[in-house]
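Undergrad: Fold the following.
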Amino acid sequence: MAVRIKYNQGAFRAVRTSKETSAELDRRARRVARAAGSGVEVESSISGGRGRARSEVVAVSFAARRRNARSNTLLRALDAARG
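TA: From the prediction side, this is the model:
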């Protein structure tokens with residue numbers, strides 16, 4: 001016998017857009033930015049048609065973009081977001 005599951009889509013949306021989720025994403029993004037070094041900043045928003053919290057770690061200075069292009073500093077710093 002198959003079990004049917006009915007998901008509460010409103011609850012999923014509430015979690016995706018909650019202040020707690022946004023704060024956790026910001027906290028992790030700041031850790032990645034610190035690990036990546038100078039010239040890297042965090043941009044956060046709740047956007048998109050589906051409405052979800054997002055945090056981006058962006059190399060804003062020329063030196064940071066160059067360092068990232070040469071040695072993937074953002075990718076290497078990603079492990080700092082764990083925990």
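
Undergrad: Doesn't residue 53 belong to a strand?
TA: Yes. Residue 53 sits within a strand when classified using DSSP: H, G, I helix; E, B strand; the rest coil.

Undergrad: mind checking which helix or strand the closest residue to it other than its chain neighbours is in?
TA: The shortest distance from residue 53 to any non-neighbouring residue, by Cβ to Cβ, 6 or more residues apart in numbering, is to residue 22 (4.0 Å). To be clear about C-beta, it is placed using only N, CA and C from the backbone, and glycine gets the same treatment. If you go by DSSP states H and E, residue 22 is part of helix 19-36.

Undergrad: buried set for that helix?
TA: Residues of helix 19-36 classed as buried by neighbour count (16 or more other Cβ atoms under 10 Å): 22, 25, 26, 28, 29, 30, 31, 32, 33, 35, 36.

Undergrad: can you check stretch 73-81 too?
TA: Of the residues in stretch 73-81, those scored as buried under the neighbour-count criterion (16+ other Cβ under 10 Å) are 73, 74, 77, 78, 80, 81.

Undergrad: Quick one: the residues you listed as JSON lines, columns for distance to residue 2, pLDDT and secondary structure too.
TA: Shown next, in JSON lines, are these (distance: Cβ to Cβ, whole Å; pLDDT from 0 to 100; DSSP: H, G, I helix; E, B strand; the rest coil):
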{"residue": "73", "distance to residue 2": "49", "pLDDT": "96", "secondary structure": "helix"}
{"residue": "74", "distance to residue 2": "44", "pLDDT": "96", "secondary structure": "helix"}
{"residue": "77", "distance to residue 2": "45", "pLDDT": "96", "secondary structure": "helix"}
{"residue": "78", "distance to residue 2": "39", "pLDDT": "95", "secondary structure": "helix"}
{"residue": "80", "distance to residue 2": "43", "pLDDT": "93", "secondary structure": "helix"}
{"residue": "81", "distance to residue 2": "38", "pLDDT": "92", "secondary structure": "helix"}
